[in-house]
Structures are given as structure tokens and as C-alpha cells.
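[1] based on what follows, work out the 3D shape:
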Amino acid sequence: MDYGKALDTLTASQIGRALVDGTLHAVGLTQVALERAEKSTQANIFISISRERALNEASESSKRHARGQPLSALDGVPIALKDLIDRKGEITTAGSQIYRNAPAASSDCPVACNLSAAGIISIGKVNLTEFAYSGLGLNPHFGTPHNPFSPDVPKVPGGSSSGTAVAISANIVPCGIGTDTGGSVRIPSSFNGLVGYKSSSGRIDTTGVFPLSRIMDTVGPLGRSVEDCIHLDRALRGLKSKTIAARAITGLLIHVPQSVVMKDIEPAVARNFQSSLRSLEAAGAIIREVPCVEFEEVIRLGKTYGSLTAADAYVEHLNLFENSKINQVDQRVVDRILGGKSMTAADVICLQRARADLIARMKANYSDGLIAMPTTAITAPEIDRLERDKAYFHQINTLVLRNTSLGNFLDLPGLALPNGVNEQGMPTSLLLSSVSGTDDDLQGYGLEIERVICK
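    Model (predicted):
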């Protein structure tokens, strides 16, 4: 098989199987991926490329396949890592000018170690919103990668895992790793027609991953299929056991909130969402409209007390506010971090207590099924006005983050699934969530739901 065609058309899991049967070889595949990555630096996708290490790892992968001893289902598959993830000898920039020339990491962080132990080959680290603090993906320091679905009119890639999503949708790699604090895996997946998975807190180790909010940060995969995300989830956790099987959805209860998540929805997003629900119902799922007062309560808490992420980010970057370095940070990011400065200790404690209570309420009220909503209220917007108008940027950023950020506050694992396009060919997305700690159930159902809505 032609390596370029494989990167253009196959999922990571399909590539893994082609490596096992000898149709593809890790070295040739990695070389083509590296060539594409090197060209993409002009398109603001990759920040750094790990050519020597990638080719060495590909050579070792080829030897293992020749012996019939792959380390995992994705042994030899090329991948891109969001530039928050420490790898030995490489600078972690966090998308910031401040860290462009920082000391290189002294070791691989746990998730990087686990990916290597599964034979997955990182060809480099990719762009992101500075400090991972935006749902749109703009970056004034390393440039903004443009959404490949709109070649003529520059549109956002989604953030903050912008480079990860575009590296996949531009056919450089079949999968990648991002982080999700308020939607940063699911939003770029939505805007780029990909599958994105946000894990429950604590499921995947975040040690050595540059933090935005240690309360809310999660690490998660983006890929072309649910199967890809399942394999990557297991690799990120260092698991070697058998993967998750599809679960039948006949009789599965799917809660559809009739709340804030359905406000200001683009017509095509609403149309494709309803089409997905009809397909799921035809396949035997039970669709139940619910008020979901918990979502409304999260919104009220934010308006009353502020954002836990902002408070956490302000403490994380406090040293920058004590000197002139803060002037080197994207002002749009500074604006959001400063939202945490004015919060009191009482604000933070009230939010943390309310969060624990609401997570428990979600488990009590929604453990009997899944929750479905549009991943993003809109499709990817144009870059130009967002760059020119800061107030408009913050308005659209808030709208784009609205649905996904509920899942972070309530610790809901989530799967973003492509479910169609609008009139301009821009992707829309369905978000499926389950209660905290039920990731395996969500993934099993996700395999079958993907088959139903994407057939």
C-alpha cells in the first residue's frame, strides 16, 4: 500500500493492522509522516519535529513486527503530541514565546513513556493556544494553523489542541494527543471532523504535562475513529490488556438536556443533532428529553463566583504577573487568567464544594444512560474578525466552550463524534457523555453509536 494513501485514508487502528500483516512498514510510514510534518511548519502546525528519535523508534518497531511481536495494536503508528507534553531533550513551549527557548525536558513524562512503551511513534510536537487557554486555537507567537476544511476562507482549528487536530485532518498523522480542561480535545475534534475523547479526572496521569488548571486538566486522544481513541487511552495509561468491545445500544437510555446547551445553536448543528438522535432511536436507543438543572446550576455558579480554571491558572502563572514577562503573553489569554485574580478564597471553596455535590448528583440522576448534546453550538468561525475584535473573540470563545466545559466541571467523560457538515462543508459534532468514572462504558457504547450515526 502507498504510504501517503494510508495517511490520507486510514484510521490509526487500520494502519496498525496493516503494519501487522506487512502491508505497511513503520520506517517508510514514518518517513512520509516526517516529510509532511516538515512541510507543515509553514502552516503553523508543528512546533518541533523529532526526526532522529522517530526514525530510530520506527526501525525498532519494524524489527518487532518482523518477529511478530508488536507491543500494542498501534505499534509503529506515527502520532503528534500537543506541545505541553515533556519529552527528554525537547523544549516544551506551551505555545508561548516565554518558553520558546526554555531548557529541554530532562525526561519523558509518564504519558510519553507509556506511548513509547506501546511502540507509538511521536514525530513531533504541535501548536496550541498559548498555555492551552482558549477554545478557538489562535496563537500570535507560533501562528494559527488554519482549518483544512476551509482552504479558501481561513477558519479556526479549534483549541486549545489546535495543532493536534489539524495534523490529523491535514493527513500528516492518523491520531494525536491533546489535553482537555474546558473542551480542548472535543472542540478541535468537532471543528475538524474527528473523534475526540475526554477522560475522567485522574484516569490518565498528567505529571510532566504543562498545567493550565491542576483541578480540571485531563489528557486525551484525537483520532479518526472511536477505536483509535480506545487504543490510545489504554496506551496513555500503560495498559496491555485486551481492548474494549462494542456494547449494544438497544434499550440504552440517552438523556437529551433541554437547557442552556441548546441555545444559540447554528441551524446545521441543530439539524445534524436531531438526525443523529433519530438514527439512534431507530437503532433501539431510548431518547429522553430532560431539563438537566445541574447544567443550569453550573452556569449560575460561574456567574456568581467565577471560574475554577481561571483561579487555578492565575496561581499557576503568578510569577509572570510579578514582572514584565506578562507583557509577552497573548492579551486574550491574560484577560482570561486575570479573571482568577479577583476571586476570593470563599469563591474558590464555594465552587469546589458545589462541584463535589453536583458530581454526586449527576451520578445519582444519570448513571442509567448517556447524555447527548451538540459538542459545539457552531461550526468553525472565520479567523479574521476574531483577530481584529477582542470583544467578539471572547464572546465566541465563551459560546464555543459552553457545552464542553460543563463536562469538565462535572467530571463527565466525553466522546465527540463527527455527525455531518453544514452548507459550507464544515463539520458538526455529537457529544456523548457519561458520569464520572464510567469511561469504559462510554467507550463501549461509543463504538456502536459511531457505527449507527456514521454509516
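
[2] okay, and residue 137 sits in which element?
    For residue 137, there is no helix or strand it lies in under DSSP states H and E.

[3] let me know whether it touches residue 162 as I believe.
    Yes. Counting by C-beta atoms under 8 Å, residue 137 touches residue 162, with 3.2 Å between them. All C-beta spots, glycine's among them, are computed from the backbone N, C-alpha and C.

[4] and for these two, which residues touch both?
    128-129, 144-145, 156, 188 (C-beta atoms under 8 Å, 6 or more residues apart in numbering).

[5] can you pick the most crowded of those residues?
    Within the shared contacts of residue 137 and residue 162, most neighbours by other C-beta atoms under 10 Å means residue 188, with 38 neighbours.

[6] ok, it touching residue 158?
    Yes. In this structure residue 188 lies within contact range of residue 158 using C-beta under 8 Å: 3.3 Å.

[7] can I assume residue 40 is in contact with residue 170?
    Yes. Between residue 40 and residue 170 there is a contact under C-beta under 8 Å: 6.7 Å.

[8] centroid-nearest residue for the protein?
    The chain has residue 185 as the residue nearest its centroid, 1.3 Å off, counting by C-alpha atoms, centre = their mean.

[9] which phi and psi does it have?
    With angles defined as degrees, to the nearest 10, residue 185 shows backbone torsions of phi -100, psi -40.

[10] wait, isn't it in contact with residue 198?
    Yes. Using C-beta under 8 Å, residue 185 is in contact with residue 198, at 5.4 Å.

[11] what's in contact with the helix or strand harbouring residue 36?
    Using DSSP H and E, residue 36 maps to helix 26-40. Applying C-beta under 8 Å, 6+ apart, the contact partners of helix 26-40 are 3-4, 6-7, 15, 19, 45-46, 49, 51, 54-55, 57-59, 61-62, 65, 75-78, 80, 121, 123-124, 167, 170-173.

[12] got the CA positions of the lowest-mean-pLDDT helix or strand in the chain in PDB?
    The weakest-scoring helix or strand in the chain, judged by mean pLDDT, DSSP states H and E, is helix 318-321 (a mean of 91). What follows is helix 318-321, C-alpha atoms only, in PDB (Å, rounded to 0.1, in the frame of the first residue of the first chain):
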ATOM      1  CA  LEU A 318       1.600  34.100  39.200                       C
ATOM      2  CA  ASN A 319       5.300  34.600  38.700                       C
ATOM      3  CA  LEU A 320       4.600  36.200  35.300                       C
ATOM      4  CA  PHE A 321       2.400  38.800  36.800                       C
END
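
[13] off-centre distance for it?
    Taking C-alpha atoms, centre = their mean, to the nearest Å, one finds helix 318-321 lying 27 Å from the centre of the chain it belongs to.

[14] gap between whichever helix or strand comes after that helix and the chain center?
    As assigned by DSSP H and E, the chain's next helix or strand after helix 318-321 is helix 331-338. Remark: helix 331-338 is offset 21 Å from the chain centroid, using C-alpha atoms, centre = their mean.
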